[in-house]
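Engineer: can't give you the sequence, but here's the structure:
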Ligand SMILES: [Zn+2]
């Protein structure tokens with residue numbers, strides 16, 4: 001079993017990124033108060049949350065779960081949290097909810113988990129306003145509405161020990177206008193976050209990014225990446241645009257994406273000189289092999 005890791009005092013990553021399991025990362029804040037433990041997202045597998053017991057935490061103390069957005073890979077395990085504490089409370093933005101329950105925003109993601117049975121979860125408190133505060137003990141989470149990836153995406157900002165920590169969900173995810181995303185809204189949302197001077201970003205699928213300089217480079221990079229991705233959807237087999245995308249991700253140090261794009265480019269254009277030259281450079285960084293772009297453009 002993977003051990004959870006401390007990010008700063010009282011703030012932990014419970015389930016880190018795992019390339020073999022596309023479910024989201026799970027974070028936890030120990031409020032050291034009657035508010036108990038606060039989770040940010042729950043992932044898909046409740047068993048992975050049991051890891052907190054190894055560090056002496058009591059599963060019954062999980063009293064709150066803040067959901068970043070309505071994609072099931074982030075909240076699939078929520079209904080099972082009730083096995084630890086039947087009174088656990090759930091928080092999510094009203095735009096990703098329907099009839100007080102979380103709304104399945106992307107059936108494609110749900111289909112990836114074939115043996116999984118979703119049970120609806122009632123949202124205890126719907127987030128309605130930008131900058132709404134959720135207070136648990138001495139810890140305050142500012143709810144920043146960041147539409148784009150989904151209409152009700154929320155990033156939770158926590159200031160502790162002089163550090164500004166952002167739990168961003170899929171804010172560096174893929175935003176395609178053709179798949180229910182909203183690129184224009186997304187760019188505005190990221191620009192809003194760039195003004196917050198975030199020191200540590202706890203991301204939904206890629207773990208933790210710090211310090212502040214790297215966070216802003218990362219966020220700016222995703223604006224560029226998503227603009228390019230939306231362009232490529234219109235010309236999916238254009239080697240020139242594919243190479244531009246490969247080079248962009250390489251320069252941004254998103255090596256997994258760069259390798260994925262380069263492999264795809266070589267599949268449609270095996271003699272592409274630019275790609276043949278770049279691929280050994282990308283591989284020097286030992287990126288994990290993902291196979292994403294092909295499915296996206298198919
Ligand atoms: Zn998502």
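Structural biologist: Yep, that arrived. Note that the coordinates shown come from a computational prediction; the quantities given were computed from them, not determined experimentally.
Engineer: alpha carbons only for contacts and neighbour counts from here, please
Structural biologist: OK.
Engineer: List the contacts of the closest residue to residue 187 other than its chain neighbours.
Structural biologist: What sits nearest to residue 187 in space, not counting adjacent residues and going by Cα to Cα, 6 or more residues apart in numbering, is residue 223, at 6.0 Å. By Cα atoms under 8 Å, 6 or more residues apart in numbering, the contact set of residue 223 is 186-187, 190.
Engineer: Please narrow those to those residing in helices.
Structural biologist: Those of the contacts of residue 223 mapping onto helices are 186-187, 190, per DSSP state H.
Engineer: Quick check: the gap between residue 51 and residue 27.
Structural biologist: 12 Å (Cα to Cα, to the nearest Å).
Engineer: shared neighbours, the two?
Structural biologist: residue 14.
Engineer: Looking only at neighbour counts, state which of these two leads.
Structural biologist: Neighbours were counted for residue 51 and for residue 27 using other Cα atoms under 10 Å; residue 27 has more, 29 against 18.
Engineer: Would you agree the residue nearest to residue 187 falls within a helix?
Structural biologist: Yes. Checked against DSSP: H, G, I helix; E, B strand; the rest coil, residue 223 lies within a helix.
Engineer: tell me the SS of residue 52?
Structural biologist: helix.
Engineer: Where does residue 80 sit, in terms of helix or strand?
Structural biologist: Using DSSP states H and E, residue 80 sits within helix 78-81.
Engineer: next structured bit after that helix?
Structural biologist: Reading on from helix 78-81 to the C-terminus, the next helix or strand found by DSSP H and E is strand 89-93.
Engineer: Note down every partner strand of that following strand and its orientation.
Structural biologist: strand 62-66 (parallel), strand 125-127 (parallel) (DSSP bridges).
Engineer: With distance to residue 203, mean neighbour count and mean pLDDT added, can I get the ones you listed in CSV?
Structural biologist: As requested, the strands paired with strand 89-93 are exported to CSV (distance: least, Cα to Cα, whole Å; neighbours: other Cα atoms under 10 Å; pLDDT from 0 to 100):
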stretch, distance to residue 203, mean neighbour count, mean pLDDT
strand 62-66, 14, 24, 98
strand 125-127, 20, 19, 96
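Engineer: Rebuild the ones you listed as JSON lines, extending it with distance to residue 247.
Structural biologist: Compiled in JSON lines, the strands paired with strand 89-93 are given as follows (distance: least, Cα to Cα, whole Å):
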{"stretch": "strand 62-66", "distance to residue 247": "36"}
{"stretch": "strand 125-127", "distance to residue 247": "39"}
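Engineer: Can you say which of these is nearest to residue 45?
Structural biologist: strand 62-66 (14.6 Å; Cα to Cα).
Engineer: what comes into contact with that closest one?
Structural biologist: Contacts for strand 62-66 (Cα under 8 Å, 6+ apart): 35-42, 78, 81, 84-85, 87-92.
Engineer: One more pass at 10 Å, please.
Structural biologist: 27-30, 34-42, 75, 78, 81-82, 84-93, 123-125, 134, 136, 141, 143, 154-156, 167 (Cα atoms under 10 Å, 6 or more residues apart in numbering).
Engineer: just for the stretch 51-200 of the chain, where's the confidence low?
Structural biologist: 104-112, 114 (pLDDT under 70).
Engineer: If we use 80, what do you get?
Structural biologist: 99, 102-118, 172-174, 177-180 (pLDDT under 80).
Engineer: can you pull the contacts of the closest residue to residue 176 other than its chain neighbours?
Structural biologist: Leaving out its chain neighbours, the residue that sits closest to residue 176 by Cα to Cα, 6+ apart is residue 230, at 5.9 Å. Residue 230 sits next to 174-178, 183, 236 when contact means Cα under 10 Å, 6+ apart.
Engineer: Likewise for residue 43?
Structural biologist: Residue 43 sits next to 15, 21-27, 49, 67, 71-78, 204 when contact means Cα under 10 Å, 6+ apart.
Engineer: Contacts only, for the closest residue to it other than its chain neighbours.
Structural biologist: The shortest distance from residue 43 to any non-neighbouring residue, by Cα to Cα, 6+ apart, is to residue 74 (4.5 Å). By Cα under 10 Å, 6+ apart, residue 74 lies in contact with 22-26, 40-44, 67-68, 169-170, 204-205.
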